[in-house]
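Chemist: Got a predicted model here, sequence first, then my questions.
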Amino acid sequence: MASKIDKVIDRLEQLTNDLNEIKQKGVALLPLPPQVKTAVRTILPETDRIITDAYFDTVRGIADVVLPANVAAEVINNPNILMDSNGAISQIPARPRGPMGGILTAAAAKPRRVTKKMKQQRKIQSKAFKNANAKGRLQNGNFRAGFDQSRIARMAQKECSAERIRLGLCDDPKKKKGRRSKKQ
């Protein structure tokens with residue numbers, strides 16, 4: 001089975017051979033005497049074949065020395081093997097797997113329960129962002145003059161806070177609250 005690098009080299013060799021054929025057909029267009037054209041037509045294919053074979057044999061040899069095909073397949077298919085930017089191959093410890101074969105993570109635990117208060121807050125915030133976007137954007141979706149995403153977000157948060165206060169979901173931070181010391 002050929003590795004990915006071998007397939008790339010094979011494709012490059014095929015492209016080079018195609019280019020050599022085009023080059024041989026282009027000899028007829030050169031302004032040369034007929035004897036020279038005949039000589040070039042007989043010599044050119046053989047020299048191109050020799051140069052191409054030598055070059056791609058060298059490239060394949062270097063590719064096998066740098067990363068042999070069996071090692072390349074193992075490195076590519078093994079998630080516990082990494083290669084750094086310098087080409088050094090290192091192995092990382094295997095991650096724990098769950099009963100179904102998937103990697104265990106904290107996020108794969110139980111999903112968070114959405115409470116009634118959370119749903120209400122999300123609905124308020126969604127409506128506030130829709131209103132703010134309607135005020136700060138044109139029909140084609142671009143920002144109006146003087147608006148950007150941060151200004152739209154601030155407008156939405158301000159509207160969201162006002163709505164939460166109006167519905168009694170939170171206290172108004174501007175109203176002073178707390179115990180006052182009694183003077184005697």
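Modeler: Sure thing, it's come through.

Chemist: use CA for all of it now, contacts and neighbours both
Modeler: Noted.

Chemist: Dihedrals phi and psi, S90?
Modeler: phi -130, psi 160 (degrees, to the nearest 10).

Chemist: confidence score at it?
Modeler: Per-residue pLDDT puts S90 at 74.

Chemist: Return the distance of it relative to N77.
Modeler: If you measure S90 against N77 using CA to CA, to the nearest Å, the figure is 14 Å.

Chemist: and A156, how many residues sit next to it?
Modeler: Residues contacting A156 under the criterion other CA atoms under 10 Å number 22.

Chemist: what sits against it?
Modeler: Contacts of A156 were listed using CA atoms under 8 Å, 6 or more residues apart in numbering, and they are Q125, A128, F129, N131, A132.

Chemist: Make sure the last one is indeed in a helix.
Modeler: Yes. Applying DSSP: H, G, I helix; E, B strand; the rest coil, one finds A132 inside a helix.

Chemist: Filter the contacts of A156 down to the buried ones.
Modeler: Under a neighbour-count criterion of 16 or more other CA atoms under 10 Å, the subset of the contacts of A156 counted as buried comprises Q125, A128, F129, A132.
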